[in-house]
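>>> Next come a sequence and a model predicted from it.
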Protein chains: 2
Amino acid sequence: MTAPKLADIAKRAEVSIAAVSIALNNRDTKRVSEAKRNEIRKIAEELNYVPNEVAKALSERRTRLLGLVVPFRDPILNHFIAQVLSGIQVTLMRRGYSLLLYSPTGKSGGSTRDQVLERRFTDGLIFVDTGSSSTRDLAERIQQLEAAKIKFVMINTYSHRASVNSVGVDDSAMGEAAAHYLVQRKHRRIAFLSSSGMLPTHLHLLQGLRRGVIAHGLDLPAEHIGCSENNEETTFRILDRWLASKRTAPTAIFCADDQLLMHLYGYVEARGMRLPEDVAVIGRGDASFNSLLRPRPTAFYLPTFEMGELGAGMLIDLIEKPEQKPQRVLLPFKLHAGDTA
Amino acid sequence: MTAPKLADIAKRAEVSIAAVSIALNNRDTKRVSEAKRNEIRKIAEELNYVPNEVAKALSERRTRLLGLVVPFRDPILNHFIAQVLSGIQVTLMRRGYSLLLYSPTGKSGGSTRDQVLERRFTDGLIFVDTGSSSTRDLAERIQQLEAAKIKFVMINTYSHRASVNSVGVDDSAMGEAAAHYLVQRKHRRIAFLSSSGMLPTHLHLLQGLRRGVIAHGLDLPAEHIGCSENNEETTFRILDRWLASKRTAPTAIFCADDQLLMHLYGYVEARGMRLPEDVAVIGRGDASFNSLLRPRPTAFYLPTFEMGELGAGMLIDLIEKPEQKPQRVLLPFKLHAGDTA
DNA sequence: ATGAAAGCGCTAACAC
DNA sequence: GTGTTAGCGCTTTCAT
């Protein structure tokens, strides 16, 4: 037998379909007499009625589904995403939404078509920036989304566009904080290790770090800025070069993300070095990941869970309240003192 | 302006709505003349037409959406889930499905109503057992799902019901393999640490472990079976008790999951002990998590990614091919030699 | 208070 | 080949 629908209930209760719909959706309503309401509910219960959400969505023109666009690549990234995800889920459950997962197939950017197709089923989209899109990519994507009138929020991104809902951290302030911390610890030669020079995050961190060291009368020479391009070998090469000469080697490294930090740990292990004796390290990433490493990294913990929680809430506000203004939120971060710096 | 629909295209192309639908959905069809097809496609392109998937779903009575039912709790669990998730996504992308995420609100079990409501939007459900449901809970849930005629697959579970699609590992064989490995390494007193004695996984592991040690003429005394109940303090108490007397202390511990392993590492650190000198440890869990720990754990790696990949495929087969028989798949596992046993 | 009827946007069966 | 039509299951006016 096929699933019961409103019509089935209506027939058994000898009322109209409309009456059933109303009785089932509004707890206390004057539109249907109490006797009928109870009768209808009883029958619905007996029939094990479950509303067809697709039909409801078509009729209401909204699905209460949010899409999360995020690539699943390497385990570390997955770990980061999982944290954001659990934050998102908390908000969604509270506000009665569910989450649809999209993993973009192609490379960064993707075609307009792809982006727009992702409107499929959802009332809005959440983008999590995993540090793979350049400023240009981002700008392009934003433009496409706005052209298609899709509501969205970006997580872990800083966007200059004021019209864009986004939540992230103040990377520039973080870079500066790193500089202060390290200089206070008597470090004079500080290096910056990131994945790619094109990323907004890279630029902001670097800007802050530079501001910080300069404030202390030091400088950040170009040769102490390294980009791994997400490649472990490249990371090893950079570190070998940096640490070759005792005299010029940086005494501390600011490591822009978790993957790099892992490469760095791998390097230290491979070369038989020790942290922080041979070089101090300060990281930036997810707390639950960092807490697994030994020695415990001194690191900025990104508020991954909170970013998800807040970002999802902002998107829902945008969807439900047409007058809602987009906002850019920068969450506070904190430095967790470990044993590496 | 509102989103263009088939009717808009039909009007501009001066054809019927049906013709547009057909022309857009079938690359080469005789139903619509080539000239019209091209004209229609051109107009669709110009209008930036995107099909309304909700309407399509209502009409076709399927959404190509799969639901993943999984709790987001602690970071380690999230990590595990993220791995399964990325496996699932690979299959779904290949087969044109998307994933809907459900995080059950209540405690284990949940009401029938909840389970059934999860039919919302999806063609089928994927359950990931995170080691929180007892055999009884599972049986009950299965019965409800079958009563509601919901297609589903269970991941990381062993179910006795032959009618249930499931993918997992042979925990009993794993327990036995652990015994052999440890005994060969000259261990005579082996302990088993798991989270709860009620879990199917616990029972299978234990059964295999026992079979293994007995085969070597040893035994597995009740006092060397410990259940943490997911509580770090309890874990510490158990370990304190076990390791109190040099004479009777187990020389090796088989640790049933990643969370326990982390507690164990925490314990060792807290007590100033060393692995494997003070006690050998063999774990069971996700590879990418285990690879982060130092010393590197000797552990069985669960095929998390593969479980997701395969489980999703099984569910889609079940949905698309009515004659498909349910199957229980046990994936191979392998022991990864680390430094702790 | 109640029911009839018009959609929501698309697919598919059927007639021409 | 092409268009007409009848749903898919629900919400929501709008009469009554």
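Yep, that arrived. Numbering: from 1, shown residues only, chains lettered A, B, ... in the order given.

>>> List the residues that contact A:Lys5.
A:49, A:52 (C-beta atoms under 8 Å, 6 or more residues apart in numbering or on different chains). No exception for glycine: its C-beta is placed from N, CA and C like everyone else's.

>>> Same question for A:Ile81.
Counting by C-beta under 8 Å, 6+ apart, A:Ile81 has contacts A:70, A:72, A:128, A:130, B:82.

>>> between the residues you listed, which is nearest DNA strand C?
Comparing the contacts of A:Ile81 against DNA strand C with C-beta to the nearest atom of the strand places A:Val70 closest, at 26.9 Å.

>>> Please state the offset of stretch A:81-96 from the chain centre?
11 Å (C-alpha atoms, centre = their mean, to the nearest Å).

>>> right, is it up against DNA strand D?
No. Taking C-beta under 7 Å from any atom of the strand as the criterion, stretch A:81-96 and DNA strand D are apart, separated by no less than 13.7 Å.

>>> ok, for A:Ser196, nearest residue in space, not its chain neighbours?
In space, and not counting its chain neighbours, A:Ser196 is closest to A:Cys227: 5.5 Å by C-beta to C-beta, 6 or more residues apart in numbering or on different chains.

>>> What about that neighbour, how many residues nearby?
20 (other C-beta atoms under 10 Å in any protein chain shown).

>>> now A:Lys149
When neighbours are counted by other C-beta under 10 Å, A:Lys149 comes out with 10.

>>> secondary structure class for it?
Three-state call for A:Lys149 (DSSP: H, G, I helix; E, B strand; the rest coil): coil.

>>> Next: the one 4 residues further on.
Secondary structure assignment for A:Val153 (three-state DSSP): strand.

>>> hey, what's it bridged with?
Beta-bridge pairing for A:Val153 (DSSP bridges): A:Ile126, A:Asn165.

>>> re earlier: what are the neighbouring residues in contact with the residue nearest to A:Ser196?
A:194-197, A:202, A:234, A:238.

>>> repeat that for 6 Å
A:194, A:196-197 (C-beta atoms under 6 Å, 6 or more residues apart in numbering or on different chains).

>>> Enumerate the residues of chain A near DNA strand D.
Residues of chain A lying close to DNA strand D (C-beta under 7 Å from any atom of the strand) are A:2-3, A:5-7, A:17-18, A:21-22, A:24-25, A:51-52, A:55-56, A:58-60.

>>> so of the contacts of A:Cys227, which ones are in helices?
Among the contacts of A:Cys227, DSSP state H puts none in helices.

>>> which of the residues you listed has the most neighbours?
A:Ser194 (23 neighbours).

>>> Leaving out the residues flanking it, which one is nearest to that residue?
A:Ala256 (3.7 Å).

>>> quick one, what contacts the residue in the stretch 201-341 of chain A that chain B sits nearest to?
Closest approach between the stretch 201-341 of chain A and chain B, counting by C-beta to the nearest C-beta: A:Ser288, at 3.4 Å. For A:Ser288, the contacting residues are B:Pro75, by C-beta under 6 Å, 6+ apart.

>>> Correct me if wrong, but it is in a strand.
No. Using three-state DSSP, the assignment for A:Ser288 is helix, not a strand.

>>> where's A:Gly131, which helix or strand?
Here A:Gly131, judged by DSSP states H and E, is contained in no helix and no strand.

>>> now A:Tyr267
Here A:Tyr267 is assigned to helix A:258-270, by DSSP H and E.

>>> Let me know the average pLDDT across the helix or strand containing A:Gly168.
Under the criterion of DSSP H and E, A:Gly168 resides in strand A:165-169. Mean per-residue pLDDT for strand A:165-169: 94.

>>> try stretch A:2-12
90.

>>> which SS class is A:Thr248?
With three-state DSSP as the criterion, A:Thr248 reads coil.

>>> Can you pull the phi/psi pair for it?
When read as degrees, to the nearest 10, the backbone of A:Thr248 gives phi -110, psi -10.

>>> Near it, how many residues? Count them for me, please.
Applying other C-beta under 10 Å, I find that A:Thr248 has 12 neighbouring residues.

>>> Compute the distance between it and A:Lys30, please.
82 Å (C-beta to C-beta, to the nearest Å).
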